[in-house]
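# only geometry, no sequence info:
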């Protein structure tokens, strides 16, 4: 069995500057970093919350996955991310269990991570991101 830890909860937002201002005003927290992840089609900011993070995602355009999400669902919770020690082994385990995967192979994510998404139909209608942190 694999040990999973909560890495972050991702919220899709239309305007990252506005979202960061509101988050700071309401919760008093600044982002640890902010970066464009062109491969994912987003600009993201990570805010530390306890031992995990809240990730705010602004789409780089309307045809990106997060842009399409906002168009159909509006702003809000996009996915839950679980940290794994070995993403390849985690994907093999999920495949063996019959879970539907968005990504058959890991790809690059923010913070120098390797990531892969598990389809919402795999469990409770929730998009899950697997995150392998760099060593």
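Thanks, I have it. Every value quoted in this text rests on a predicted model; they were computed, and no experiment measured them.

# gap between the longest helix seen in the chain and the chain center?
When the chain is parsed with DSSP state H, its longest helix is helix 16-27. What separates the centre of helix 16-27 from the centre of its chain is 19 Å, taken as CA atoms, centre = their mean, to the nearest Å.

# tilt between whatever helix or strand comes next after that helix and helix 16-27?
Scanning forward in sequence from helix 16-27 by DSSP states H and E, the next helix or strand is strand 33-37. Per axes from the mean of the first three to the mean of the last three CA atoms, to 10 degrees, the angle that strand 33-37 makes with helix 16-27 is 150 degrees.

# Can you list the buried residues in strand 33-37?
34, 37 (16 or more other CB atoms under 10 Å). All C-beta atoms are positioned from the backbone trio N, CA, C, and that covers glycine.

# what's the answer for stretch 119-132, then?
122, 127-132.

# where along the protein do the helices fall?
Under DSSP H, the chain gives helices at 16-27, 65-73, 87-96.

# Mind listing what's buried along the second one?
By that I understand helix 65-73. For helix 65-73, by 16+ other CB under 10 Å, it's 65-67, 69-70.

# TSV please, covering these and showing pLDDT.
Supplementary listing: the buried residues of helix 65-73 in TSV, determined by pLDDT from 0 to 100:
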residue	pLDDT
65	96
66	98
67	98
69	97
70	98
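
# which one of these is nearest residue 98?
Lowest distance from residue 98 to these (CB to CB) belongs to residue 65, with 23.7 Å.

# Do I have it right that that closest one meets residue 41?
Yes: shown here, residue 65 and residue 41 form a contact pair, counting by CB atoms under 8 Å, at 6.3 Å.

# Quickly list what's touching both of these two.
Counting by CB atoms under 8 Å, 6 or more residues apart in numbering, the contacts common to residue 65 and residue 41 are residue 59.

# just to revisit the earlier point, tabulate the helices of the chain in CSV, adding columns for distance to residue 113.
Putting those into CSV (distance: least, CB to CB, whole Å) gives the following:
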stretch, distance to residue 113
helix 16-27, 19
helix 65-73, 17
helix 87-96, 9
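
# To residue 47, which of these lies closest?
Distance to residue 47, taken as CB to CB, is lowest for helix 16-27 among these, at 6.5 Å.

# So what touches that closest one?
Outside helix 16-27, the residues that reach it (CB under 8 Å, 6+ apart) are 11, 13, 29-31, 34, 43-45, 47, 54, 56-58.
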